[in-house]
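1. Attaching a predicted model along with its sequence, questions to come.
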Amino acid sequence: MVVHIVEDDEAVADALAMALEDLDHRPRTYPDGETFLARARIATDDWVFVDLGLPGRSGADVIRDLLDSGQPPKIVAISGKSRTNLLRQLRELPDLKVLRKPLSIEMISDAMG
């Protein structure tokens, strides 16, 4: 199992990767949705943490692509957006797990539990 992190903020991606390593996971980071979709080899038992505020292709678009793949991995959206903006963006993805930044090890562990 691999944990993929799609996050354009290098500091956030690095902190999330370190937290996941502390939880004995093997994280891989990607700076944007296009790079992730082009390079990642995704299995159904993988996890994908996707920032909703990605440059270029939005995090919501990346999530829709994963869900449309037939056998999607487990997905967690992350966002620093306001609650109102977040709810508006996620209307089409009602069952999605969403973590609000700043993230903590407890939040990450609970989301994957």
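-> Cool, got the structure. Residues are numbered from 1 along each chain as shown.
2. tell me the secondary structure for the nearest residue to residue 107 once chain neighbours are set aside?
-> Spatial nearest neighbour of residue 107, excluding adjacent residues (C-beta to C-beta, 6 or more residues apart in numbering): residue 99 at 5.3 Å. C-betas here are computed from N, CA, C, even on glycine. Per DSSP: H, G, I helix; E, B strand; the rest coil, the local secondary structure of residue 99 is strand.
3. In contact with residue 99, which residues?
-> 49, 76-79, 107-108, 111 (C-beta atoms under 8 Å, 6 or more residues apart in numbering).
4. Ranking by neighbours, what's the top pick from the residues you listed?
-> residue 49 (28 neighbours; other C-beta atoms under 10 Å).
5. helix/strand/coil for that one?
-> strand.
6. returning to what we had before: let's see which of the contacts of residue 99 end up in strands.
-> 49, 76-79 (DSSP state E).
7. Take the residues you listed and lay them out in CSV including pLDDT and distance to residue 38.
-> Putting those into CSV (pLDDT from 0 to 100; distance: C-beta to C-beta, whole Å) gives the following:
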residue, pLDDT, distance to residue 38
49, 98, 18
76, 97, 21
77, 95, 20
78, 96, 21
79, 93, 23
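8. okay, these in JSON lines with distance to residue 11 next?
-> Shown next, in JSON lines, are these (distance: C-beta to C-beta, whole Å):
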{"residue": "49", "distance to residue 11": "15"}
{"residue": "76", "distance to residue 11": "19"}
{"residue": "77", "distance to residue 11": "19"}
{"residue": "78", "distance to residue 11": "13"}
{"residue": "79", "distance to residue 11": "16"}
